[in-house]
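Novice: Give me the fold of what follows.
(2 chains, ligands or ions: 2)
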Amino acid sequence: MATIQEQTADTSSPSSQPNNPLSRKLNKILDTRLDNDKEMLEALKALSSFFSENTLRNRRNLRGDVERRSLAINEDFIQAFQQVKEQLDSVYEDVKGMSECCQDMTTRLKAAKEQTHDLINQTTQLQTESQRLQMRAQVADAFLAKFQLKPEEVKILRGTRDGALHPDFFKALARVKQIHTDCKVLLRTNQQTAGLEIMESMALHQESAYERLYRWTQNECRALSNESPDISSQLCLGLEALQDRPVLFRYSLDEFGTARRTAIVRGFIDALTRGGPGGTPRPIELHSHDPLRYVGDMLAWLHQATASEKEHLQTLLKKCNNCSNEGTIQDILGHITEGVCRPFKVRVEQVVVAEPGPVLLYKLTNLLKFYEHTIGQLLSKDASLLGTLDEAHVLSSKMFFNSLNIHAARLLDKVELPPAELGPTGPLNQTLQLLKDVLSSHDSSVVSIDDRQKDFSKIMSSVIDPLIQMCSLSASKLTTVDMATYMINCLYTMQSALALFEYTDQRLEMLQAQIDAHIDTLISEQASHILHRVGLASTYGIVQQHQPKQGPLSSIPGMEPGTLKGAIAKFDSFLSTPDGYILQQCSLLQSTTVRETTRKRSMELIVSAYEELYTAITNPQNGYKDPQNLMPRTPEQVKHLLI
Amino acid sequence: MAAGPYNYSYIFKYIIIGDMGVGKSCLLHQFTEKKFMADCPHTIGVEFGTRIIEVSGQKIKLQIWDTAGQERFRAVTRSYYRGAAGALMVYDITRRSTYNHLSSWLTDARNLTNPNTVIFLIGNKSDLEAQRDVTYEEAKQFADENGLMFLECSAKTGENVEEAFLDTARKIYQNIQDGSLDLNAAESGVQHKPSAPRNAINTDQPANKEGCAC
Ligand SMILES: Nc1nc2c(ncn2[C@@H]2O[C@H](COP(=O)(O)OP(=O)(O)OP(=O)(O)O)[C@@H](O)[C@H]2O)c(=O)[nH]1
Ligand SMILES: [Mg+2]
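Specialist: Ligands and ions are numbered 1, 2, ... in the order given. Predicted coordinates:
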């Protein structure tokens, strides 16, 4: 190194110090500060290591030595670098390998990156797809939940082998129904196939469920055959559900009706034959000797049973809000109460046909009529029980009138002759007593006033008309006076009997008219009897028929003053004791009023006859000389005496 | 699915008797409708009302037959005594004659009902205190002598009406409980619903057919 430095210094000196190269050199050397020139020091130090002896030879060789050394050093250097180079070469190789490797990786990465991109795309796509599917799954689940039955629901609907119903049966059934209805909405969308399929499957479920429900209901109903049926709320629900299947609903009700029908027939027979615990109340049939009580007890029992059965039906159908409910109840109730018709009818007929007499028959008729009305408030008009009651009532009523008519016919069959006192005969009195009994039983009767009035007129004509006929027949062989008296007595008896009752006005009027007619007869008979007795009858007849063209009365035979005088004298004795001239029959008139009327009105007739005679005699044209002497009493005086 | 109002364990049949105008129909109406019918027409034959009550936790349906007091219906109404579990015998505290007739009503009731029939004496119109014609003490003594239950009520104010009907039911129920009333006998006036407590829902009920009660 030092050598190079030296050389550099050598070569540069001539240019820098052109004036005196040596001095410049010297200066330089002198200027050189060896202490501070490390390079110089190093060079010197190195020099000292091989320049041991300062000999010429050494000095001459120094250069060579240095150059040799330098050469050696350079060779060492080259050698050393050769190594370095080789190593670098190998490093280079390595780095190159690495680079290639990296290049390769980069390429691959790039490729991979390209590939990954697709994948990511795909993944995202798949994710979206998955979300969509999940959504659809949710929708599908919701759909299924709405449109499909849960397995347990299916199980509930299918039920157990013993036929019992699960408590949730009706909920499940309601769901099937709901789904079925909802399907109709589906059909309106574009999900028609699904809608139809589901509908079909629901319909199947429904059918089998209804079928099962029906069988269950039928069994339950069939079991309700004891005195008081236990109608469970489940059964009510069952009928409510069955309303959707009118036929099954109806069949179930029919089953119920049949069971109840059996039950009340049995109950009725028990009440008839067994009675209460220990025989109290006693069996109804024990009273069969007392027809009214017997029939009344049966009817009351029927009334109560009908009311109870109606309640049972209302309980059973309380959940069924069908509008035709009342009609249905009536229908079934009619069926239920039909069973007792026969046992009842047979017994009533027995009683009626045994002819317990008109009064009892009449009471029975009214009782039956009353119950027909009472029970009729619970049943519809076409119910058999009502029909039976009506038949019974009609039969009883017919038998009643029948017995009245038979009685009447018997009256006419053997008509008795009137008794000597011309009063009512035994049969008349008995018949009137019967009539009174019948009519007064009406007072305690329970039927409406309208009915009563109708009955009365019918009864009246069944009894009174034949009675009058009977009297007329028996009077037919009598003299006029006897006949009139007898008829008046009979009619009057009837009238007084009827006067005690209501609704008899018309009859009373009719009787009065007949009485009046007979009274008229009697009066004229009485009057003419008196005129005959006093011998004025023919005189009066002549006066009545006298015409002025026949000439004066006094010239007519039988009207001579002498004849007249005798008659007037007899008339005077009549005036003093008029009662002696009264017909014996008139005193047989039972009614004092009638007797009085007859007397008074016959006297009036006598007075008017006297007046006519008096007017004629006192008339100067009739040629009587001293009429005042002939007829001393004025008509007024006569009237005063007689009336 | 609670037990509906129609689910009851028993039916008790009642009959209401007494002279006309004592207020039998009004009592029934007050009991079933909780209202007073001021101008109630005379009953023709019999009328009928129901109400469900509760005794010792049991639902009981009362089927009540209100009879006509008029004499002319007597033959008809007598037929309804049959099978009554309870008889309410009513008189009017303002009319002594209706009280005087009680013994004839009682005779009918005793003869025509069964021996276990609970007879309850009711002195009605207790709201008309000013017109009272029969003292409480007198009627009470009559009731005691004849073994009747007794209360004075008013169909008008409703006082004691509920009590009379319910006490009768309690007594009948007690008779059933201590066995003196035989339900199986026909015409006990009580009908038993076999599966009484049916409110609990049993999931797998074996459709148990009630044994024939007769
Ligand atoms: N002040 C008062 N009046 C009453 C009471 N109860 C009934 N009445 C009246 O009494 C009258 C007769 O009552 P009803 O209930 O018809 O008598 P009833 O016993 O049913 O009569 P019948 O049906 O003929 O047997 C009616 O005018 C009622 O207003 C009461 O508690 N107080
Ligand atoms: Mg009444």
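
Novice: number of nearby residues for A:Val139?
Specialist: The tally of other residues near A:Val139 (other CB atoms under 10 Å in any protein chain shown) stands at 10. Quick note: C-beta positions are derived from backbone N, CA and C, even for glycine.

Novice: Could you point out the helix or strand that follows the helix or strand hosting it?
Specialist: In the assignment (DSSP states H and E), A:Val139 maps to helix A:56-147. Downstream of helix A:56-147, the first helix or strand assigned by DSSP H and E is helix A:151-158.

Novice: ok now that next one, how far from the chain's centre?
Specialist: Relative to the chain's own centre, helix A:151-158 is displaced by 34 Å; criterion: CA atoms, centre = their mean, to the nearest Å.

Novice: Can you name the element that comes right after it?
Specialist: Next along the chain after helix A:151-158, taking DSSP H and E as the criterion, comes helix A:169-188.

Novice: other SSEs contacting the helix or strand that that following helix is followed by?
Specialist: As assigned by DSSP H and E, the chain's next helix or strand after helix A:169-188 is helix A:192-223. Here helix A:192-223 touches helix A:151-158, helix A:169-188, helix A:233-242, helix A:246-273, going by 3 or more CB pairs under 8 Å, 6 or more residues apart in numbering or on different chains; DSSP states H and E.

Novice: how about 6 Å then?
Specialist: Using 3 or more CB pairs under 6 Å, 6 or more residues apart in numbering or on different chains; DSSP states H and E as the contact test, the elements touching helix A:192-223 are helix A:169-188, helix A:233-242, helix A:246-273.

Novice: Can I get these in CSV including mean neighbour count and mean pLDDT?
Specialist: Formatted as CSV, the helices and strands packed on helix A:192-223 follow (neighbours: other CB atoms under 10 Å in any protein chain shown; pLDDT from 0 to 100):
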stretch, mean neighbour count, mean pLDDT
helix A:169-188, 17, 81
helix A:233-242, 21, 85
helix A:246-273, 19, 91
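
Novice: okay, residue 128: pLDDT?
Specialist: Using chain A. On pLDDT, A:Thr128 comes in at 94.

Novice: my question was about chain B
Specialist: With respect to pLDDT, B:Leu128 has a value of 96.

Novice: And A:Cys341, by the same measure?
Specialist: What the model reports for A:Cys341 is a pLDDT of 95.

Novice: leaving aside the residues next to it on the chain, what's closest to it?
Specialist: Counting by CB to CB, 6 or more residues apart in numbering or on different chains, A:Cys341 lies nearest to A:Thr388, which is 4.2 Å off, once chain neighbours are set aside.

Novice: Check for me that the one you found belongs to a strand.
Specialist: No - counting by DSSP: H, G, I helix; E, B strand; the rest coil, A:Thr388 is not found in a strand; it is helix.

Novice: Show me which residues of the stretch 151-300 of chain A are close to chain B?
Specialist: The stretch 151-300 of chain A has residues A:164, A:167, A:223, A:226-228, A:230, A:233, A:270, A:274, A:276-277, A:280-281, A:296-297, A:300 near chain B, with proximity defined as CB under 6 Å from any CB of the partner chain.

Novice: Now list the buried members of these.
Specialist: Neighbour-count burial (16 or more other CB atoms under 10 Å in any protein chain shown) applied to those gives A:164, A:167, A:223, A:226-228, A:230, A:233, A:270, A:274, A:276-277, A:280-281, A:296-297, A:300.

Novice: so how far is chain B from A:Ile120?
Specialist: 57 Å (CB to the nearest CB, to the nearest Å).

Novice: by contact count, what packs against the host helix or strand of B:Leu106?
Specialist: Using DSSP H and E, B:Leu106 sits in helix B:102-112. Helix B:102-112 makes packing contacts with strand B:86-92 when contacts are defined by 3+ CB pairs under 6 Å, 6+ apart.

Novice: picking up where we left off before, looking at the helices and strands packed on helix A:192-223, which is nearest to ligand 1?
Specialist: Nearest to ligand 1 among those is helix A:246-273; the distance by CB to the nearest ligand atom comes to 25.5 Å.

Novice: Just after the helix or strand of chain A with the lowest mean pLDDT, pick out the following helix or strand.
Specialist: Across the helices and strands of chain A, mean pLDDT, DSSP states H and E gives its lowest value to helix A:2-16, namely a mean of 46. Next helix or strand after helix A:2-16 toward the C-terminus (DSSP H and E): helix A:21-31.

Novice: Which secondary structure elements does that following helix sit against?
Specialist: Applying 3+ CB pairs under 6 Å, 6+ apart, one finds that helix A:21-31 contacts helix A:2-16.

Novice: Now the helix or strand in which A:Ala609 is found: buried residues?
Specialist: Assigned by DSSP H and E, A:Ala609 belongs to helix A:592-618. Residues of helix A:592-618 classed as buried by neighbour count (16+ other CB under 10 Å): A:594-595, A:597-599, A:601-603, A:605-607, A:609-610, A:613-614, A:616-617.

Novice: Right, I'll leave it there.
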